[in-house]
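K.L.:
What would the 3D arrangement of this be:
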Amino acid sequence: MTGYWLRRIERCDPERDHQEIYRISIGFEFPWDYQRALEFALFRTYCVPSISRLLAATGEFEKRPQKRYDDTALLMAELAENGYDSPRGREALSTVNRMHGRYRISNDDMLYVLSTFVYDPIDWIDEFGWRPLHENERQAAYFYFREVGRRMGIKDIPGDYDSFRKFKDAYEEANFVYSADNNRIGRYTLDLFCAWYPKPLRPAVAMGAKSLLDDRMLAAFGFRPSPAWVGRAARAGLHARSAVVRLLPPRRKSKLLNSKVRSYPGYPKGYSPSDLGAPEPPADIDPALLRRRPR
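P.N.:
Predicted coordinates:
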């Protein structure tokens, strides 16, 4: 790829133009990397017992893991492609807030999940991207999710990029501990990753995915580490991919909302963001997890 989009990013102001920069990065420059990184970012949040307990209680990851994955990916894509203050963006945020509003979720847990959307893709691209991120892209990711977080009602968002990173690191140090619910949700998620590949390849996919988890995540999930050679092979493959992508011409069509979606064929045609999202909580859920009892 050439520097067409990078030159455009360089001309932007990361705070004022954060939506444009983020849309270019996720839709044109690094769509595959962002997709993989956000998969692992969500995986990372399941290392927190308070988060995995709620997810286990809803039963959604056991019964409909692909739909839950697609809902999250599409809602985030709607915000990035259309803008968080566009009609579809506001509808997507309303859907997210409606789902979260059913449950008792601490502000710190919400803030932590938000932080993974900023920094996990940056860390992934730093290691596996076809080019280094520009500083404008790093800062724009922070400003973008700061504004998304404000519209989700998340309080006390740290005031700059470095402070938010410090919050994320400190939160993980304090909250990544093993629980049975972590293991349960982690296994459902790993099974989902594997289900995207032919059955004979699934054991290798599982080993490859686990090889990309750090030691703290492996301990929080209770997963056995993959052999060291698997990690070396997985990383070599990802680096080889980036070398090939570097030779390609710049992408002219955004990949946001232009990829096949298993749960919603043809999306976005015929759909609106309010069609996405989880159903009402199950009748037998622990009332302590609910913000209010469902009617």
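K.L.:
The stretch 1-150 of the chain: helices as residue ranges?
P.N.:
In the stretch 1-150 of the chain, the segments counted as helices under DSSP state H, counting those that start in this stretch are 4-10, 18-24, 31-45, 49-58, 60-63, 65-82, 87-100, 107-128, 135-151.
K.L.:
Please work out the angle formed by the directions of the last one and helix 65-82.
P.N.:
If I follow you right, that is helix 135-151. 110 degrees (axes from the mean of the first three to the mean of the last three C-alpha atoms, to 10 degrees).
K.L.:
could you measure the residue sitting nearest the centre point of the chain against residue 232, distance?
P.N.:
Central residue of the chain (C-alpha atoms, centre = their mean): residue 38, 2.9 Å from the mean position. According to C-beta to C-beta, to the nearest Å, residue 38 stands 24 Å off from residue 232. From N, CA and C alone the C-beta is placed, and that goes for glycine too.
K.L.:
is it true that the residue nearest to the centre of the chain touches residue 73?
P.N.:
Yes: the criterion here is C-beta atoms under 8 Å, and residue 38 meets it with residue 73 at 7.3 Å.
K.L.:
For residue 60, give me its contacts.
P.N.:
67, 68, 278 (C-beta atoms under 8 Å, 6 or more residues apart in numbering).
K.L.:
Rank those by pLDDT and give me only the lowest.
P.N.:
Among the contacts of residue 60, residue 278 carries the weakest pLDDT, at 90.
K.L.:
What's the local residue count around it?
P.N.:
16 (other C-beta atoms under 10 Å).
K.L.:
just checking, it touches residue 99?
P.N.:
Yes: shown here, residue 278 and residue 99 form a contact pair, counting by C-beta under 8 Å, at 5.5 Å.
K.L.:
returning to what we had before: got a list of what the residue nearest to the centre of the chain touches?
P.N.:
Counting by C-beta under 8 Å, 6+ apart, residue 38 touches 73, 76, 117, 120, 121.
K.L.:
can we see that at 7 Å?
P.N.:
Shown in contact with residue 38 (C-beta atoms under 7 Å, 6 or more residues apart in numbering): 117, 121.
K.L.:
just residue 91 next, same as before
P.N.:
272, 273, 274.
K.L.:
Show me which residues of the worst-scoring helix or strand of the chain on mean pLDDT are buried.
P.N.:
The least trusted helix or strand in the chain, going by mean pLDDT, DSSP states H and E, turns out to be helix 60-63, with a mean of 92. Across helix 60-63, burial judged by 16 or more other C-beta atoms under 10 Å covers 60, 61.
K.L.:
One more: stretch 80-99?
P.N.:
80-82, 84, 88-93, 95-96, 99.
K.L.:
from those, which two are the most distant?
P.N.:
Farthest pair in those (C-beta to C-beta) is 81 and 99. Separation: 20.1 Å.
K.L.:
Low-confidence stretches in the stretch 151-295 of the chain?
P.N.:
292-295 (pLDDT under 70).
K.L.:
now the helices: where do they sit in it?
P.N.:
161-175, 180-195, 202-211, 215-221, 228-245.
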